[in-house]
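Peer 1: The amino acid sequence is not available; the structure is as follows:
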Ligand code: GLU
């Protein structure tokens, strides 16, 4: 699933393009996927993270991770082959803007469904449920949960629920906000920062990177519920419904579980309660 056979995929895409062009509905306006309702015959621009191993990662010209696999499956159900997906980097703070301005059609980027975000975008899903946790140095036993962060130096990312949650709930903490979680690791390793906080999925993937082997540990007591949704243009209910149908199919045919095992298995991450979730009704 994670292996990208570029040649084969490209060949299949050429074939698929011909087929979709012939097969599009007479009533369709055709086009780029920005016409709403999930007409994606012209390809899809999909926002993912580029620096979150196991979830969304760019290495050279290869994209891998659970978000990438779910996105690829959903795109296929919408009529877009893997080779017709344009992957766009979607840092936490830019996700709503990327959707609002049409720079992406869909976002699969560890993107929690929240009421605040729903003021600007709509969500299909959820397709995964994670929880916020803490990553610390392996030899640090002083941090055991959010109640032990007073006076500690914490790192997180601008525009994330992770940063917002600690700002709301842990007033004594010194929070440094960077633009991506991977940027926190060198300072955590050196000791200029004491902990990194975000979803347990992301922390597991970052800690499992060979260059950091044995250096960090995830505290392992999740203190929030992060329901990963698929961000899309506000009010595009037709597209939302198609994405939800694809997510349900992915769970039912076993592909969801396979994608979990392939992408999060190497980091020894096991999905917690609530997985796999049932998508919410679109609105
Ligand atoms: N899931 C959280 C969020 O959407 C944290 C991870 C992230 O920043 O992507 O804000």
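Peer 2: All right, it came through fine. What you are looking at is a predicted structure, and each value in this text was computed from that prediction instead of being measured. Residues are numbered from 1 along each chain as shown.
Peer 1: near the ligand, which residues of the stretch 51-200 of the chain show up?
Peer 2: 92, 109-112, 157, 160-162, 198-199 (CB under 6 Å from any ligand atom). C-betas here are computed from N, CA, C, even on glycine.
Peer 1: Now for those: which two are most distant?
Peer 2: 109 and 162 (13.4 Å; CB to CB).
Peer 1: Let me have the residues of the stretch 51-200 of the chain next to the ligand in a markdown table, extended by distance to residue 140.
Peer 2: Output for these, formatted as a markdown table (distance: CB to CB, whole Å):
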| residue | distance to residue 140 |
| --- | --- |
| 92 | 25 |
| 109 | 29 |
| 110 | 25 |
| 111 | 30 |
| 112 | 27 |
| 157 | 21 |
| 160 | 22 |
| 161 | 24 |
| 162 | 19 |
| 198 | 17 |
| 199 | 20 |
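Peer 1: What is the distance between stretch 154-163 and the centre of its chain?
Peer 2: In this view, stretch 154-163 has its centroid 15 Å away from the chain centroid, taken as CA atoms, centre = their mean, to the nearest Å.
Peer 1: In helices, which of the residues of the stretch 51-200 of the chain next to the ligand fall?
Peer 2: Within those, residues falling in helices by DSSP state H are 161-162.
Peer 1: May I see the residues of the stretch 51-200 of the chain next to the ligand arranged in TSV, with distance to residue 75, neighbour count and pLDDT as well?
Peer 2: Listed next are those as TSV, based on distance: CB to CB, whole Å; neighbours: other CB atoms under 10 Å; pLDDT from 0 to 100:
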residue	distance to residue 75	neighbour count	pLDDT
92	22	23	98
109	15	28	99
110	18	29	98
111	16	30	99
112	21	21	98
157	26	24	98
160	25	25	98
161	26	24	98
162	27	29	98
198	26	27	98
199	23	26	98
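Peer 1: Let's see which of the residues of the stretch 51-200 of the chain next to the ligand end up in strands.
Peer 2: If you go by DSSP state E, these have 157, 198-199 in strands.
Peer 1: ok, for residue 117, nearest residue in space, not its chain neighbours?
Peer 2: residue 96 (6.2 Å; CB to CB, 6 or more residues apart in numbering).
Peer 1: Three-state assignment for the one you found, please.
Peer 2: helix (DSSP: H, G, I helix; E, B strand; the rest coil).
Peer 1: ok, now which ones touch it?
Peer 2: 117, 120-121, 231 (CB atoms under 8 Å, 6 or more residues apart in numbering).
Peer 1: next one: phi and psi at residue 47?
Peer 2: phi -90, psi 130 (degrees, to the nearest 10).
Peer 1: what's around the closest residue to it other than its chain neighbours, how many residues?
Peer 2: On the basis of CB to CB, 6+ apart, the spatially nearest residue to residue 47 that is not a chain neighbour turns out to be residue 90, at 3.1 Å. Residues near residue 90, counting by other CB atoms under 10 Å, number 28.
Peer 1: From residue 51, how far off is residue 90?
Peer 2: Distance check for residue 90 against residue 51: by CB to CB, to the nearest Å, it reads 11 Å.
Peer 1: One more: residue 162?
Peer 2: From residue 162 over to residue 51 (counting by CB to CB), the distance is 15 Å.
Peer 1: which secondary element of the protein has the worst mean pLDDT?
Peer 2: Here the helix or strand of the chain ranked lowest by mean pLDDT, DSSP states H and E is helix 6-23, holding a mean of 36.
Peer 1: The stretch 1-150 of the chain: strands as residue ranges?
Peer 2: Assigned by DSSP state E, counting those that start in this stretch, the stretch 1-150 of the chain shows strands spanning 44-48, 51-52, 56-59, 62-64, 85-89, 106-107, 121-130, 132-137.
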